[in-house]
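Asks: Using only what follows, build the 3D model:
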Amino acid sequence: MSMRSNHSRRTFLKGSATVAAGISLAGSLNIARMAHAGGSGQRKVALIGCGGRGTGAAGNHLDAAAELGDDAKIIAVADAFPDNAKRAADSLTKHYPKATDIPPERIFDGFDAYQKAIASGADTIIMATSPGFRPIHYKAAVEAGKNIFMEKPCCTDAPGYRMLLAANKLAEAKNLKVGVGFQRRHTPSYLETVKRIHDGMIGDVLLLRGYWNGSGIWFRERKPDMTEMVYQVRNWYHFVWLCGDNIAEQHVHNIDVCNWVKGDHPVEANGMGSCIQRYKGRDPKKGMGQIYDNHFVEFTYKDGSKFFSQCRQIPNCWGGDGGEKVHGTKGTATPGGSLKVTGGEEWKYQAPKGKKGFNAMVQEHKDLITAICKNQKYMEGHHGASSSFTAVLGRMATYSGRVVTWDDAAAKGPSEMPERLAWDANPKAMPDAAGNYPIAIPGVYKAY
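Replies: Predicted structure coming up:
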């Protein structure tokens, strides 16, 4: 059974050209008088996921709309927790008073809050919850006929990936516009460099390298009144079902760039990883987690080329080598803005003179909004799904210590989601009597 994404190298190249055109035109575009999908002059937006990134994404969307002259208004917010939803509503109303209309009755909380936001009358949905919920929310918004911006990663397991594929197919049939938070695909330096790679300037790509190495992440201690579900959702970054591990939550940006360069996703992976420092010295009574703090993966594409992927969250370690590197038969490239042909001069991207203040996280919303208002085909859900599942494939390889193939992982990979979503329900990963959570052991863990 094949579970390969239905995007080809041609699709990747066409998508790059479309976004490049959007960057060159959107700044001078005045779309205030253009009709929106609902036929009215005002575009109504709902936010699902009200943490820092969700509130930030909503602000990016409103900034983009203002630059384009688009009459957008956020009318609803939703989050699992009422304090997050209220905080986001207050912040957005304070900073964007003319672009918000969020009365108390449209501030939703709970596991079903996303359904209420989708049904609030909005025609555009911004999704920024913890990633484990993304496929469920995306499917519901597509079925409701909404245009969508969803943050990365888009799934944390194989069933979620399969749900994304089906929703993408339906979204295309409905001519919905879907944006994904891979802002490098909307950054001029990346667009120009990747275009040159695709044009053959460094020859055939033989090897790619990607890095996201840092010190660590936040942690929220357990409170006496927390159920296990509340604790895990509050600490979503530390649980596989919610974040997919740091290879998915952060390193997926580099993974997406390398897939973009190749115009495809890998067909197999092998790797190694562990949890060395992340929970060392922590009091289990105050809370622990289950994710690794380092991963190294060797991905293989169908043409035999390799992608060496490295991510780490351990203090006082080497940081990496410039995000992504590409090695070809005629030279090398850093997709973020430079290229060198063997024996020739190095080319470096130069931003246009007089152009200041570029923000890729605003640009990705400008490109989506332009497509919505001009009713242009716009579907980033394909690379959202494939790059997210590439990260999941890598995690399966590091956790198991075995070679994991794409088709087997996509078809047979287990669900990480709880059987029931409720505050009194138990997730699959539960602490032992000492308060420690099960952490995957290579050689013992089974990928599928």
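Asks: any idea how far V45 is from E151?
Replies: Going from V45 to E151 by Cβ to Cβ, to the nearest Å gives 15 Å. Quick note: C-beta positions are derived from backbone N, CA and C, even for glycine.
Asks: who's more crowded, the two?
Replies: V45 (28 against 22; other Cβ atoms under 10 Å).
Asks: just checking, that one touches D71?
Replies: No - between V45 and D71 there is no contact under Cβ atoms under 8 Å: 10.9 Å.
Asks: Spell out the residue ranges of the helices in the stretch 301-448 of the chain.
Replies: 360-374, 381-400, 406-412 (DSSP state H, counting those that start in this stretch).
Asks: could I get the ones you listed as CSV with mean pLDDT and distance to A128?
Replies: Output for these, formatted as CSV (pLDDT from 0 to 100; distance: least, Cβ to Cβ, whole Å):
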stretch, mean pLDDT, distance to A128
helix 360-374, 98, 12
helix 381-400, 98, 13
helix 406-412, 98, 25
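Asks: Indicate which one of those is closest to C243.
Replies: helix 381-400 (10.4 Å; Cβ to Cβ).
Asks: Can you name the next helix or strand after the longest strand seen in the chain?
Replies: Secondary structure of the chain per DSSP state E: the longest strand is strand 205-214. Downstream of strand 205-214, the next assigned helix or strand under DSSP states H and E is helix 228-234.
Asks: Residues touching that next one, excluding its own?
Replies: Helix 228-234 is contacted from outside by 80-81, 130, 220, 222, 226, 238-239, 242, 287, 418, 422-427, 429-431, using Cβ atoms under 8 Å, 6 or more residues apart in numbering.
Asks: give me the low-pLDDT residue ranges for the stretch 1-150 of the chain?
Replies: For the stretch 1-150 of the chain, applying pLDDT under 70 flags the ranges 1-40.
Asks: Tell me where it has helices.
Replies: Going by DSSP H, counting those that start in this stretch, the stretch 1-150 of the chain shows helices at 9-26, 52-68, 82-95, 113-118, 134-143.
Asks: Can I get those in JSON lines including mean neighbour count?
Replies: Formatted as JSON lines, these follow (neighbours: other Cβ atoms under 10 Å):
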{"stretch": "helix 9-26", "mean neighbour count": "16"}
{"stretch": "helix 52-68", "mean neighbour count": "21"}
{"stretch": "helix 82-95", "mean neighbour count": "18"}
{"stretch": "helix 113-118", "mean neighbour count": "23"}
{"stretch": "helix 134-143", "mean neighbour count": "23"}
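Asks: right, and these - which one's nearest P188?
Replies: Taking the helices of the stretch 1-150 of the chain one by one with Cβ to Cβ, helix 9-26 is closest: 5.9 Å.
Asks: and the chain, what are its domains?
Replies: 9-185+357-379, 188-353+389-412 (automatic domain parsing).
Asks: Could you work out the end-to-end span of the shortest one for me?
Replies: Same thing as domain 188-353+389-412. Start and end residues of domain 188-353+389-412 are separated by 39 Å (Cα to Cα, to the nearest Å).
Asks: Tell me which helix or strand G203 sits in.
Replies: Here G203 is assigned to no helix or strand, by DSSP H and E.
Asks: Who are the contact partners of it?
Replies: So G203 contacts G328, T329, K330, G331 (Cβ under 8 Å, 6+ apart).
Asks: Buried only: go through these for me.
Replies: G328, G331 (16 or more other Cβ atoms under 10 Å).
Asks: Can you tell me the number of residues neighbouring the nearest residue to S387 once chain neighbours are set aside?
Replies: Closest residue to S387 apart from its sequence neighbours, by Cβ to Cβ, 6 or more residues apart in numbering: D256 at 3.8 Å. Residues lying near D256 (other Cβ under 10 Å) number 27.
Asks: Same check on G145?
Replies: 15.
Asks: before we move on, back to that, on contacts alone, who are the packing partners of the longest strand of the chain?
Replies: When contacts are defined as 3 or more Cβ pairs under 8 Å, 6 or more residues apart in numbering; DSSP states H and E, strand 205-214 packs onto helix 252-262, strand 306-313, strand 324-328.
Asks: how about those in a markdown table, adding distance to G160 and mean pLDDT?
Replies: Below are the helices and strands packed on strand 205-214 laid out as a markdown table (distance: least, Cβ to Cβ, whole Å; pLDDT from 0 to 100):
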| stretch | distance to G160 | mean pLDDT |
| --- | --- | --- |
| helix 252-262 | 14 | 98 |
| strand 306-313 | 20 | 98 |
| strand 324-328 | 25 | 98 |
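Asks: Quickly compare these and say which is most buried.
Replies: Mean neighbours per residue, mean count of other Cβ atoms under 10 Å, is largest over the helices and strands packed on strand 205-214 for helix 252-262, with a mean of 26.
Asks: Specify the angle between that one and strand 205-214 in degrees.
Replies: Counting by axes from the mean of the first three to the mean of the last three Cα atoms, to 10 degrees, helix 252-262 lies at 170 degrees to strand 205-214.
Asks: Please enumerate residues in contact with helix 252-262?
Replies: 9, 12, 16, 152-153, 182, 184-185, 190, 194, 197-198, 205, 208, 210-212, 247, 265-266, 299, 301, 305, 307, 309, 311, 323-324, 326, 335, 383, 386-388, 390-391, 394.
Asks: repeat for stretch 414-425
Replies: 111, 132, 156-160, 227, 229-230, 240-241, 426-428, 448.
Asks: What residues sit buried inside that stretch?
Replies: Buried, per 16+ other Cβ under 10 Å, within stretch 414-425: E416, M417, P418, L421.
Asks: same thing with stretch 344-356?
Replies: For stretch 344-356, by 16+ other Cβ under 10 Å, it's W347, Y349.
Asks: Quick one: end-to-end length of that stretch, please.
Replies: Start-to-end, stretch 344-356 (Cα to Cα) is 31 Å.
Asks: again, but for stretch 241-256
Replies: Across stretch 241-256, first to last residue, Cα to Cα, it's 21 Å.
Asks: any idea how far it is from the chain center?
Replies: Centroid displacement of stretch 241-256 relative to its chain, using Cα atoms, centre = their mean, to the nearest Å, is 8 Å.
Asks: returning to what we had before: can you put the domains of the chain in JSON lines and add distance to A440?
Replies: Listed next are the domains of the chain as JSON lines, based on distance: least, Cβ to Cβ, whole Å:
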{"stretch": "domain 9-185+357-379", "distance to A440": "13"}
{"stretch": "domain 188-353+389-412", "distance to A440": "4"}
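Asks: burial count for R43?
Replies: Counted with other Cβ under 10 Å, R43 comes out at 23.
Asks: Does it have any beta-bridge partners, and if so which?
Replies: A72 (DSSP bridges).
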